[in-house]
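Q: the sequence isn't on hand, but the structure is:
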């Protein structure tokens, strides 16, 4: 039983989002949904984080930042793209400055659709991510054992 | 006794030879040779008198006492002459007073006719002699390398290295004289020689600021000298005359011994740069680094506390002793506080020296056996660690052309060997389980048993000061360790004499911590037992085991570096995930407006909280008040003595 | 007190109990801390053993560092915290305990400095200020213990006949004041803080990841047990039940203050700690002379 699923710490980044999905992410931390029940803490430091929540369409300034945050997260880690913009750019897909989709920069493990995504959906997505996290952890252990 | 006389005379003779030799590799080799001989001489002395307790010696030769008087007059005239030449009239007047008092005493009371032992040795003198011999010679060896680079860097300073080395060795000779003299008249001569050497060495660079600081040091030390002379006059005038011999004086009645202890202790305060006389030591930092290391941290200032610790049994349970203790404690607190606000490395070391000497004086003022034990431990550890730090800072200064702590960032990567030695030295100054911490622990133990409620107040002062010392040392250590970007170490950190002296001192620091129980049991405790007439051990077995265990853990801990070097993923610092790059020694990040900015960080210095001027004023005035009190107490004593 | 006699003759029992049980005890205390905090905020909160899950997770992560030597300092921090606790619970000189604790914190600070990160640098400087602010009070507390019990040994202090709080009330209150600093709780959590209260990214802990952070958290568990043990000394075996209740109450008050206040500037923390030390600590110490 990997402890990483019992204590997943998240880092949340707003990549040029309208803040709609971000408010829903923060709502998960409030008493109404209280994801600390699962041991989830919002840490602002990628070095401490396991789950990377990204929202927004990703403009030019966000690109190096997202890559840096991802690089600074120790393995095993998972990326959850939240909201239509993070999946594919949403309504802003055709804009000249929007990359359109976080998976164009870093590997994404879970896609949470919606505009804005509902807190229940976000929590569902994070729980799915935890399952993937456990798989990654097992793979890491096996590789280390070799 | 021959080895004692050898130790006093050999450095003098060697120094005179150095005065005559021109600057050359041969002269430097001779200095190294003389240093090694002095070092071996003091170690031989240790071997010869180890475990023997106190021994007193009578020196044959009726020519010696007049010779000493002549020497004292010569020094006095030289000081007066120099003071007049530079128009420092106050010093001239004070030196004349001092000379007058001594000459008057000589003529009227003829102290050379008193019967007694002129020289002596006991465990405390032996410890001091080993410190002077080993550390002193290491510093002189260091100086051969350092001064060569110094003259190359400072082309505007006249090359007076023959005079420099003469003065250094004359000084060593005088220091040996101080710790072996039982005759106070002799002690005074050697005391004056150290004042002279300090004055001339501070003024070595010959520019205006050096002469100014040299004369300021001279003034404050001559003030102490007047006090010393006053004490000598008092002993001759009011006692049976045999009291000019230290062993007799210490056994004498309080009316004599305590007053003498007050006068001579006052001189000790000036020499060890206690408040209100600290400013000379801070100003003396303009001298070349070997001078700062030898005179102004490990040896000369130790002479000041040496006499005060000698008088500790006299100070015990007396108001005058408590007054000295408060001067020491206040010095410790104020000097530590000022050290926080200083970024000049030598000034930090100077204030730290003043602070630690304050702790020694506080212990001596309390005067209990445990306090004296703590004081001697402090003296030993401080001498080793502080000289190590001064020498390291000197070499770093030559490399980096800066004495500022802020320029020592990442030193552990740029100059790994000296950086490591500096870390050892600093750890030795304040961290458990190193020696200074043990001494601090012992002094708190000693203070709790002191006269209530003064002991409590002293402890409160020490408690505050202790937190402050942690701050400025750790801050500096952090600076040395803070490697922001990878860099290559410099090719040559320092010349061979410099490196060998520094590394030897580093090894000595660690060894002293490992072997302190042995030193305590074989030398310090026998001394305190014989002086205080007790037998119980001062360091319980369980505490000793714990301290040694901690030292061993600290020494073994670096082995974990082998484990931690494996299997790590290296990432750069988190700069808020902004674009960042390394260019040379600088870490840059993409700031606003798209400009790459350098990440610059410096330490906290708290200039307004711990303002140097304000704190100096507070320290000076509070201690002046205490000194006035001491002399008021004395003047209450003396008429009693006259009546009786 | 037969148990005390056994402990006195075999200090290693106390040491072993401390080393083995503290992580569990500390984790439960921290877990309850988080649950009570959550309930105060109208939430449910994590499971009680969550702190342990956090630490185990951290040791499962990739070993990411800035310099390879970084972990040496943190390992030193952990080792010396354990030694501090071993000295404390094994019955030895309380001054040595205090100085070992300082040594541990210096190792932590040097670890933060050595990473070369701006956030860690400022966090380390603030941690140093914290050290400077609390050290006088802790030393005065130890001396207060000596004045009443005539011993610096923790076993003697805890077995003293009457509760020490009766003669050392000022020192007790002063110590509880600085306890807020030591436990890293608002309003004095200026260098690094627990989960929700971030500043300067993570301050001191910014560049510690994976197993490094795991060691820091583990050491924090040990340290909390030592600090609460220190509070218990004020009651000792003369009033053990009351002592335990007071320790629990004090911790509850700390949680409450943590939630009710926001972080203050370092100068306010520093000055107030020193003033409280002087007014409560020193006066109490001097007053002992007159008793």
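A: Right, received. Where do you want to start? This is a predicted model, so every value here is computed, not measured.
Q: right, is stretch B:583-603 up against chain C?
A: Yes: Stretch B:583-603 comes into contact with chain C (Cβ under 8 Å from any Cβ of the partner chain), by way of B:587, B:599, B:601, B:603. Any C-beta I mention is one placed from the backbone N, CA and C, and that applies to glycine too.
Q: check contacts around the third one.
A: Right, residue B:601. Neighbour list for residue B:601: C:118, C:121-122 [criterion: Cβ atoms under 8 Å, 6 or more residues apart in numbering or on different chains].
Q: switch the cut-off to 6 Å
A: Residue B:601 makes contact with C:118, C:121, according to Cβ atoms under 6 Å, 6 or more residues apart in numbering or on different chains.
Q: what do you get for the first one?
A: When contacts are counted by Cβ under 6 Å, 6+ apart, residue B:587 is found next to B:484-485, B:599.
Q: if we use 10 Å, what do you get?
A: By Cβ atoms under 10 Å, 6 or more residues apart in numbering or on different chains, residue B:587 lies in contact with B:484-485, B:572-573, B:575, B:580-581, B:598-601, C:116-118.
Q: skipping its backbone neighbours, what lies nearest residue 68 in space?
A: Looking at chain A here, since you left the chain open. Counting by Cβ to Cβ, 6 or more residues apart in numbering or on different chains, residue B:577 is the residue found nearest to residue A:68 once chain neighbours are left out, at 4.0 Å.
Q: actually, chain B is the one I wanted.
A: In space, residue B:68 is closest to residue B:189, 5.0 Å off (Cβ to Cβ, 6+ apart).
Q: the one you found: helix or strand, and which one exactly?
A: Following DSSP states H and E, one finds residue B:189 within helix B:184-202.
Q: how far is that helix from where the chain is centred?
A: 15 Å (Cα atoms, centre = their mean, to the nearest Å).
Q: and residue 7, how many residues sit next to it?
A: Defaulting to chain A. 23 (other Cβ atoms under 10 Å in any protein chain shown).
Q: my question was about chain C
A: Residue C:7: 21 surrounding residues under other Cβ under 10 Å.
Q: about what we covered before: quick check, nearest of the residues of stretch B:583-603 next to chain C to residue C:104?
A: Nearest to residue C:104 among the residues of stretch B:583-603 next to chain C is residue B:603, at 21.5 Å by Cβ to Cβ.
Q: tell me, how many neighbours does the closest one end up with?
A: Here the number of neighbours of residue B:603 (other Cβ under 10 Å) works out to 22.
Q: for residue B:575, same thing?
A: Residues near residue B:575, counting by other Cβ under 10 Å, number 20.
Q: that one against residue C:119, yeah?
A: Yes: with contact defined as Cβ atoms under 10 Å, residue B:575 and residue C:119 form a contacting pair (8.7 Å).
Q: can you list residues touching both of these two?
A: By Cβ under 10 Å, 6+ apart, the residues touching both residue B:575 and residue C:119 are residue C:201.
Q: what mean pLDDT does the helix holding residue B:189 have?
A: Averaged over helix B:184-202, pLDDT sits at 93.
Q: excluding chain neighbours, what is closest to residue B:432?
A: Per Cβ to Cβ, 6+ apart, closest to residue B:432 is residue C:99, 4.0 Å.
Q: tell me the contacts of that neighbour?
A: Shown in contact with residue C:99 (Cβ under 10 Å, 6+ apart): B:430-433, B:437-438, B:440-441, B:444, B:466, B:470, B:547, B:550, C:84, C:87, C:93, C:135, C:138-139.
Q: tell me the contacts of residue A:40?
A: When contacts are counted by Cβ under 10 Å, 6+ apart, residue A:40 touches A:7-10, A:28-29, A:34, A:50-51, A:123, A:126, A:130, C:46.
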